[in-house]
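whatever this is, show me its structure:
(chains A, B, C and D)
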Number of protein chains: 2
Amino acid sequence: MKKMPSPIPKLSDVARLAGVGNATVSRVLNGRMNVSQEKILRVTQAISTLSYSPNRFARSLKGAASGMIGMIVPSISDLFFSRCAEAVESVARGKGSLLIVMASHDDPLIEFENLQQLLLHRIDGLILSSALMRNVKLHKELRELRVPVIGLDRPLHKANIPSVMSENLEGAKAATEHLLSHGYRKVLCMHVKPELYTIRERLRGYTQAIKKVGLEPLLEIVQNSEDAEACLAKHIGSAKSTIAVFAANNLAARYCLEALRTLHLKIPSQVAILCFDDFDLADTLSPPMSVVQQPVDDLGRNAAELLFLRMQHFARGIPETNSDPMRLPTRLIIRESCGCRPCL
Amino acid sequence: MKKMPSPIPKLSDVARLAGVGNATVSRVLNGRMNVSQEKILRVTQAISTLSYSPNRFARSLKGAASGMIGMIVPSISDLFFSRCAEAVESVARGKGSLLIVMASHDDPLIEFENLQQLLLHRIDGLILSSALMRNVKLHKELRELRVPVIGLDRPLHKANIPSVMSENLEGAKAATEHLLSHGYRKVLCMHVKPELYTIRERLRGYTQAIKKVGLEPLLEIVQNSEDAEACLAKHIGSAKSTIAVFAANNLAARYCLEALRTLHLKIPSQVAILCFDDFDLADTLSPPMSVVQQPVDDLGRNAAELLFLRMQHFARGIPETNSDPMRLPTRLIIRESCGCRPCL
DNA sequence: TTGAAAGCGCTAACAA
DNA sequence: TTGTTAGCGCTTTCAA
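Numbering: from 1, shown residues only, chains lettered A, B, ... in the order given. Model prediction:
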């Protein structure tokens, strides 16, 4: 029985059709200079008539880059990370790379497994929002990696890895100062997950602003809307005047919002609120929510661009020079929930 | 100069250390049965002491699957698609596959390029929320693909490809019927992008419900909140009683919500509203929004599982039998915006 | 400027 | 049950 010719054309098919050697086709493919115009033409024609495209596996087996970068984030469906991922994908697309996104669900073990998977697939680089900052094992692993890594939203300088994040401290400080400028004497800070770097930074910013005016910081962890209710009840009890809440992220804001509804408290006349992290309906709520907006797209884009730069350096053997985090400024978006009147 | 031994161990390193032939290592790696217990042990030990893992490129060059599946969606940061993607990623992870997500931005050209990219990387399968249903070129392309494809949210039966989606028509019908059951005589349907299959189906469901009670359907395209305002003003003008709005997706609902706020109209006493697609703060709004909830995770999971099934069949040469869409039921979540009282 | 030929790391057919 | 060996499709010396 005769063997059918493979339906998928290969380099040697192109060579045969063009009447040249394999090496010449390869040279044309890779833009090497030392090929005559005539053969270049013959080869390119053969390529297009066969609609040939090179087999990436064979190339990569020979040492070429895989053309894929990885990204590990706590959650794919979280708006913050999905927007970052979209920005990263967009940059990657421009560089001819594909993006593989994996979710760690904030579990260091899953994160580690994801990392292994990505390495097995020989990604050329990695963007990592690491689940656990103090994970010594991971840090060691990362430092020994044969692949450039950029941190996103969470720092990795302990592993000597550069990262991109928002100015969490400054943003929180500005937000708190804004609330204080309204004259509120009682500004509390509701937050979740204080173990996260970003949250800790925001708490620090809040605390700095509060202490600067000689007040005492009121830090409250809220795990759900009931917590928020209790917290609100506690603080509003004695207050004749408006109290203010700085929510350290939009989950905390959500709990607070639910609590306010349950307690029938008016925003901002009884409780003013301002939260870190913009969210989808912030400007559609009544009243619209004032927020600290993170430059989400820029975070993703910068991380991606930094990564591709590192990958270039890495390929040429240029060592990492600088692992200081890149910090992007936030924007304070004043709407109405903080007590400001709508200004059009 | 002596050549440094490659720092990355290969199969032959394992073989040498274990004192066996390459083929034996390969057999152990692939779980072939005909290897003696003793050698299995020696090989596995050698593997772990070298912490060896096989080179995927070499394997794939030999014809093995790439261990990657692709997913093309209009937007990565859209909550609906990102949640689908998360579900797909989770299934893929369980099957030892990686997921590559690309955004088409609803542009058929980008979608086509993305598809080409994914094919060059030799994905084993594809989940596709196609930007253009009538794209003949794409359909032809898809039918000739050497890779199994599953549609998601948007049908591809014209390309003879199975897909997974919500019961858009039935969900919209039930929602409209619910609004009608409140006694509203004027139930309009605000929508965006009627060219989308899902929207068209929802409009059909709405229309069926309206006609069944002898009313005239009132279909209104709203591109922004000003449109929604105008539309609302027009319909509420003569109405002494409450009017109701069925928003065909959450974007339309958002425009409507903004319009209602601008016009100082009360929900649900003056305008009742119910929308297709749950969204993040639907239950935190005042009043909480009644919605038609899509089984987002199930959509993603089912699409992924269907894809892996197809991939298995495909590998064994079993032809596609059935390209009927799989339709998952929606849930009507009654909150307060439709006029129902809160029931705890 | 060109082509022949030697691998990249793996799998599988074939021999032993 | 084993090991030897010939490729998978490409890139890259090396020699012409």
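
helices or strands up against the helix or strand of chain A with the lowest mean pLDDT?
Scoring the helices and strands of chain A by mean pLDDT, DSSP states H and E places helix A:136-143 at the bottom, with a mean of 76. Judged by 3 or more CB pairs under 8 Å, 6 or more residues apart in numbering or on different chains; DSSP states H and E, the packing partners of helix A:136-143 are helix A:108-120. For the C-beta atoms, the positions are set from N, CA and C on the backbone; glycine is no exception.

can you do 6 Å?
The contact analysis (3 or more CB pairs under 6 Å, 6 or more residues apart in numbering or on different chains; DSSP states H and E) places helix A:136-143 against no helix or strand.

contacts for that helix?
A:149, A:158-160 (CB atoms under 6 Å, 6 or more residues apart in numbering or on different chains).

can you tell me which of those is closest to chain B?
A:Val149 (17.4 Å; CB to the nearest CB).

near that closest one, how many other residues are there?
24 (other CB atoms under 10 Å in any protein chain shown).

let me know the pLDDT of whichever residue of the stretch 201-344 of chain A sits closest to DNA strand D.
Closest approach between the stretch 201-344 of chain A and DNA strand D, counting by CB to the nearest atom of the strand: A:Ala315, at 11.8 Å. For A:Ala315, the pLDDT comes out at 88.

next one: A:Arg154
So A:Arg154 comes in at 93 (pLDDT).

quick one, what contacts it?
A:129-130, A:197.

go again with 10 Å.
Under the criterion of CB atoms under 10 Å, 6 or more residues apart in numbering or on different chains, the neighbours of A:Arg154 are A:74, A:128-133, A:163, A:165, A:196-198, A:325.

ok, A:Asp277 next?
Here A:Asp277 is in contact with A:79-80, A:166, A:171, A:198, A:202, A:247-253, A:291-294, A:296, A:330 (CB under 10 Å, 6+ apart).

now for A:Glu201, how many residues are close by?
By other CB under 10 Å, the residues close to A:Glu201 number 22.

tell me the secondary structure at it.
Secondary structure assignment for A:Glu201 (DSSP: H, G, I helix; E, B strand; the rest coil): helix.

and A:Lys240, by the same measure?
A:Lys240 - assigned by three-state DSSP - is coil.

what's the pLDDT at it?
Reported pLDDT for A:Lys240: 72.

now do the host helix or strand of A:Phe80 against helix B:79-94, angle only.
Taking DSSP states H and E as the criterion, A:Phe80 maps to helix A:79-94. Angle, helix A:79-94 to helix B:79-94, by axes from the mean of the first three to the mean of the last three CA atoms, to 10 degrees: 80 degrees.

tell me the buried residues in helix A:79-94?
Buried positions in helix A:79-94, judged by neighbour count with 16 or more other CB atoms under 10 Å in any protein chain shown: A:79-93.

what strands flank the helix or strand just after the least confident helix or strand of chain A, and is each parallel or antiparallel?
Downstream of helix A:136-143, the first helix or strand assigned by DSSP H and E is strand A:149-152. Strand A:149-152 sits in its sheet next to strand A:125-128 (parallel), strand A:163-166 (parallel), going by DSSP bridges.

give me the low-pLDDT residue ranges for chain A?
Scanning chain A for pLDDT under 70 picks out the ranges A:1-6, A:133-135, A:238-239, A:342-344.

kindly report the residues of it close to DNA strand D.
Counting by CB under 7 Å from any atom of the strand, the residues of chain A close to DNA strand D are A:6, A:8, A:10-12, A:22-23, A:25-27, A:29-30, A:52, A:54-55, A:58-59, A:61-64.

ok, now with 10 Å
A:3, A:6-15, A:21-30, A:32, A:34, A:52-64 (CB under 10 Å from any atom of the strand).

sorry, back to before: quick one: buried ones out of the contacts of A:Arg154?
Taking 16+ other CB under 10 Å as the criterion, what is buried in the contacts of A:Arg154 is A:74, A:128-133, A:163, A:165, A:196-198.

in strands, which of the residues you listed fall?
When the buried ones among the contacts of A:Arg154 are checked against strands (DSSP state E), the matches are A:128, A:163, A:165.

keeping just the C-alphas, turn stretch A:291-298 into PDB.
Extracted as PDB, the C-alpha positions of stretch A:291-298 are listed here (Å, rounded to 0.1, in the frame of the first residue of the first chain):
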ATOM      1  CA  VAL A 291     -13.300  55.600  44.500                       C
ATOM      2  CA  VAL A 292      -9.500  55.300  44.200                       C
ATOM      3  CA  GLN A 293      -9.000  54.000  40.700                       C
ATOM      4  CA  GLN A 294      -6.100  51.800  39.800                       C
ATOM      5  CA  PRO A 295      -4.500  52.100  36.400                       C
ATOM      6  CA  VAL A 296      -5.400  48.500  35.600                       C
ATOM      7  CA  ASP A 297      -4.600  48.500  31.900                       C
ATOM      8  CA  ASP A 298      -1.300  50.200  32.500                       C
END
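
centre of the chain to it, how far?
Distance, stretch centre to chain centre, for stretch A:291-298: 11 Å (CA atoms, centre = their mean, to the nearest Å).

do it and chain B meet?
Yes: using CB under 10 Å from any CB of the partner chain, stretch A:291-298 comes into contact with chain B via A:296-297.

report the buried residues of that stretch.
Within stretch A:291-298, judged by 16+ other CB under 10 Å, the buried ones are A:291-296, A:298.

and the helices in chain A?
A:11-18, A:22-29, A:37-50, A:56-61, A:79-94, A:108-120, A:136-143, A:168-181, A:197-212, A:225-236, A:250-262, A:296-315 (DSSP state H).

the ones you listed: which one's closest to B:Ala259?
Proximity to B:Ala259, assessed across the helices of chain A by CB to CB, is greatest for helix A:250-262 (21.8 Å).

spatially central residue in chain A, please.
By CA atoms, centre = their mean, chain A has its centre lying nearest to A:Cys84, at 4.3 Å.

pull the contacting residues for A:Glu38.
A:Glu38 neighbours (CB under 10 Å, 6+ apart): A:Val20.

and stretch A:182-194, how far from the chain's centre?
On CA atoms, centre = their mean, the centre of stretch A:182-194 falls 26 Å from that of its chain.

what's near enough to touch the closest residue to A:Asp227 other than its chain neighbours?
In space, and not counting its chain neighbours, A:Asp227 is closest to A:Tyr255: 6.7 Å by CB to CB, 6 or more residues apart in numbering or on different chains. Contact analysis of A:Tyr255 by CB under 10 Å, 6+ apart lists A:190, A:192, A:222-229, A:231-232, A:247, B:284.

can you check A:Leu61 too?
A:55, B:55-61.

of all those residues, which comes closest to B:Val101?
Among the contacts of A:Leu61, and counting by CB to CB, the member closest to B:Val101 is B:Arg56, at 19.8 Å.

surely the closest one and A:Ile123 touch.
No: B:Arg56 is beyond contact range of A:Ile123, at 11.1 Å (criterion: CB atoms under 10 Å).

neighbour-wise, which of these two wins?
A:Ile123 (24 against 20).

any idea how many residues pack against the closest residue to that one other than its chain neighbours?
Of all residues not flanking A:Ile123 in the chain, A:Gly70 sits nearest, at 4.2 Å (CB to CB, 6+ apart). A:Gly70 has 24 neighbouring residues, counting by other CB under 10 Å.
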